[in-house]
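Undergrad: Next input, structure requested:
(2 chains)
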Protein chains: 2
Amino acid sequence: MHTNDAAKLRQYIEKIENLEVEKNDLQEHISDVYGQAKGDGFDPKIMRKIVRLKRMKTEDREAEDLLLDSYMLALGLIPTDGGNGESGS
Amino acid sequence: MHTNDAAKLRQYIEKIENLEVEKNDLQEHISDVYGQAKGDGFDPKIMRKIVRLKRMKTEDREAEDLLLDSYMLALGLIPTDGGNGESGS
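TA: Got it, this is the predicted structure:
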């Protein structure tokens, strides 16, 4: 590899590494926020679900819910008579 | 959930979502740099390997190389000695 190419490659790698550092910092920041929320009594696992659900399109969310229900039903994890639940939410 | 709690939760979620947007932007930026490098004739796959290898400690890298070699050897993917093609039983 020519010296010029090596220098160019080095620049690309450095640029990527700097961006990766920024990305890791952001990831740590995100984790910190989840940690603070946990300290405030919120469940980080549920919050991550919320973030994911909010990102999904409504139709995708509904399609996923339907599939999930049908699998749960097929496996006997929810009763077949459905709707009139005693779930305490 | 009390109104105050709901407001607090909303703030946490918004903060996380904003950070996630920043993170995605960075990720796109990183992909762009790999794309530019590819346009300059460098192989992005090898570059990703380089970034990963540079991040690893030398001793971890050497330990991984040794393990990789021993697995390759065990599977007959590299010759047991100078290259006459014999592999152990």
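
Undergrad: State the distance from A:K15 to A:E22.
TA: 11 Å (Cβ to Cβ, to the nearest Å). Where you see a C-beta, it was placed from the backbone N, CA and C, and this is true even at glycine.

Undergrad: Oops, could you answer that again for A:L68 instead?
TA: 36 Å.

Undergrad: what about the two, which has more around it?
TA: A:E22 (16 against 11; other Cβ atoms under 10 Å in any protein chain shown).

Undergrad: Now the helix or strand harbouring that one: buried residues?
TA: Using DSSP states H and E, the element containing A:E22 is helix A:3-39. For helix A:3-39, the neighbour count (16 or more other Cβ atoms under 10 Å in any protein chain shown) marks A:8-9, A:12-13, A:15-16, A:19, A:22-23, A:26, A:30, A:33-34, A:37 as buried.

Undergrad: How far away from the center of its chain is it?
TA: In terms of Cα atoms, centre = their mean, to the nearest Å, the centre of helix A:3-39 is found 19 Å from the chain centre.

Undergrad: and what of stretch A:60-73?
TA: Worked out by Cα atoms, centre = their mean, stretch A:60-73 lies 18 Å from the chain centre.

Undergrad: For it, list the C-alpha coordinates in PDB.
TA: C-alpha atoms of stretch A:60-73 as PDB (Å, rounded to 0.1, in the frame of the first residue of the first chain):
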ATOM      1  CA  ASP A  60     -46.900  -2.800  13.300                       C
ATOM      2  CA  ARG A  61     -47.600  -2.700  17.100                       C
ATOM      3  CA  GLU A  62     -51.200  -3.900  16.600                       C
ATOM      4  CA  ALA A  63     -50.000  -6.700  14.200                       C
ATOM      5  CA  GLU A  64     -47.400  -7.800  16.800                       C
ATOM      6  CA  ASP A  65     -50.000  -7.700  19.600                       C
ATOM      7  CA  LEU A  66     -52.300  -9.900  17.500                       C
ATOM      8  CA  LEU A  67     -49.600 -12.400  16.700                       C
ATOM      9  CA  LEU A  68     -48.500 -12.500  20.400                       C
ATOM     10  CA  ASP A  69     -52.000 -13.100  21.500                       C
ATOM     11  CA  SER A  70     -52.500 -15.900  19.000                       C
ATOM     12  CA  TYR A  71     -49.300 -17.600  20.100                       C
ATOM     13  CA  MET A  72     -50.200 -17.200  23.800                       C
ATOM     14  CA  LEU A  73     -53.600 -18.700  23.000                       C
END
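
Undergrad: Find me the pLDDT at the most centrally placed residue in chain A, would you?
TA: Residue closest to the average C-alpha location in chain A (Cα atoms, centre = their mean): A:R52, at 5.0 Å. The model reports A:R52 with a pLDDT of 93.

Undergrad: Relative to chain B, how far out is it?
TA: For A:R52, the distance to chain B equals 10 Å [Cβ to the nearest Cβ, to the nearest Å].

Undergrad: I am finished for the moment; much appreciated.
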